[in-house]
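Participant: Structure, please.
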Amino acid sequence: MLPRVPVAIDDARMQEANRWLKSRGFSWAEIAPRIDLVGNVWLKTEWFLERMDRVAARIKDTPPVDDLDVLIRLFVLQLPVTSKRFDETIPAELASSVEAMGLLTRHEGRVEAPVAVLEHDGIFIVSDTFKEMADDLALLPLGDQFPFVSTITRCPGERYLDLCTGSGIYALLRSRTNRDVIGVDINARPLGFAEFNRRLNGIDNVRFMKGDLYKAVSGKFDIISANPPFFPDREHPTEKRGDFCHGGAAGDLITNEILEGLDNHLVDGGYCFVLSFSLYWKDGSVNPNWPRMQAKGYDILQMSNAVPLDDPTVAPQGLRDALRVGAERIEFGPCVFRKHAGEKRAGWLARAPFVEKLGFDVHDLFGALSTAGTDDARDEITRSYFKRHA
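Facilitator: Predicted coordinates:
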């Protein structure tokens, strides 16, 4: 059974909790070395969880070395600490507030965290752990989400829409650079986490809304992003299940609906970022259908890596099933779409590996790619650009 959604209490105590986490050094830069992740920030979720289990097994019978160690044990490793040791890290009144929020529980002299907390670029994100699974899980922002975030946060624009927002990490980070930010999710439970995270970080220009993709909003946006459910699901090939992972027969059911809605919801010259699998079939077709988007006048930058399908810790069963029904290879990574501004022409497609650090200016890169005359030339420009800006 999943834990209850954290409860946002008054703003003063929410901000006091935020300052407490910061004062104890609870940042990814400080956490990563403590859990053996130095130089390896971009991890697949399965690898991260396996490594966390190893670290937890190694330290569970040893006392915390400092206050940061206490917080890492609670919020990252999901290890209990004694009430006595926890109370040394926090003022008594704030401890009561944090418990009232639902971030911590006490039982028989121990303190435990039913939720996870991570920090990214100064933003605290509270989410479910992976101890239990359910359709309406509020995902922990790990692995491939970090480089995906970095591609989005460097793109200019006023209005920003984050579809399938989950715990809200993309929308909250974009609040620094966009005047109007909306996060949409079909499930109420992840939205409860997202709203809690908004309050915890003291952010005022983000709204979270419940709905089915574009049906929850009106108007057009300068930037649209989505980390939709994208696992192939042969048992429900045409059904939008409303969970956090399944995306129809080829995994692109929801992704294609997002792309089809760009004509009506993305401004001319606007950008859309989508994190997804790409399934390449033996007959030459691909899901999602990138050629169709090119024909509609969208330039596409596809950053992806081949999925090692022989490794079950990386490739879920649903992906391996796709090979048995005609897929030739499967790639994973973000795709960026730019809608043409007024001009009527077919779009181009550029490809590059999905690298650990994607700190680049999307508008600048697309400008350079638009000057190239062939796909090969664009691929070379992209590879060189990433090398210079990594």
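Participant: Toward the C-terminus, what is the element adjacent to the helix or strand hosting Leu68?
Facilitator: Element membership of Leu68, judged by DSSP states H and E, is helix 67-75. Counting by DSSP H and E, the next helix or strand C-terminal to helix 67-75 is strand 81-82.
Participant: What is that next one packed up against?
Facilitator: helix 67-75, strand 110-112 (3 or more Cβ pairs under 8 Å, 6 or more residues apart in numbering; DSSP states H and E). Backbone N, C-alpha and C define where each C-beta goes, glycine included.
Participant: Note down every partner strand of the last one and its orientation.
Facilitator: Read it as strand 110-112. Applying DSSP bridges to the sheet, strand 110-112 is found paired with strand 81-82 (antiparallel), strand 105-107 (antiparallel).
Participant: Tell me which residues are up against the first one.
Facilitator: With Cβ atoms under 8 Å, 6 or more residues apart in numbering as the contact definition, strand 81-82 has outside contacts at Pro64, Val70, Arg73, Leu74, Gly109, Arg110, Val111.
Participant: Would you show me how to pick out the buried ones of those in ChimeraX?
Facilitator: Only the buried entries of the contacts of strand 81-82 go into this ChimeraX selection, using 16 or more other Cβ atoms under 10 Å:
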select :64,70,73,74,111
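Participant: Out of the contacts of strand 81-82, flag the one nearest to Asp135.
Facilitator: Closest approach to Asp135 among the contacts of strand 81-82 (Cβ to Cβ): Leu74, at 26.3 Å.
Participant: Now do that closest one, the pLDDT please.
Facilitator: What the model reports for Leu74 is a pLDDT of 96.
Participant: check contacts around it.
Facilitator: Pro80, Val81, Phe86, Leu104, Val111, Glu112, Ala113.
Participant: Distance-wise, check it relative to Asp268.
Facilitator: Relative to Asp268, Leu74 is positioned 48 Å away (Cβ to Cβ, to the nearest Å).
Participant: Check the chain for its longest strand and report it.
Facilitator: Counting by DSSP state E, the longest strand found in the chain is strand 266-281.
Participant: Counting by contacts, list what that strand packs against.
Facilitator: Against strand 266-281 (3+ Cβ pairs under 8 Å, 6+ apart) you get helix 145-152, strand 221-226, helix 253-260, strand 286-287, strand 327-339.
Participant: can you redo the ones you listed as JSON lines with distance to Ala29, mean neighbour count and mean pLDDT?
Facilitator: Shown next, in JSON lines, are the helices and strands packed on strand 266-281 (distance: least, Cβ to Cβ, whole Å; neighbours: other Cβ atoms under 10 Å; pLDDT from 0 to 100):
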{"stretch": "helix 145-152", "distance to Ala29": "13", "mean neighbour count": "21", "mean pLDDT": "67"}
{"stretch": "strand 221-226", "distance to Ala29": "24", "mean neighbour count": "25", "mean pLDDT": "94"}
{"stretch": "helix 253-260", "distance to Ala29": "33", "mean neighbour count": "22", "mean pLDDT": "89"}
{"stretch": "strand 286-287", "distance to Ala29": "38", "mean neighbour count": "22", "mean pLDDT": "79"}
{"stretch": "strand 327-339", "distance to Ala29": "23", "mean neighbour count": "21", "mean pLDDT": "84"}
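Participant: Sweet, I'm off.
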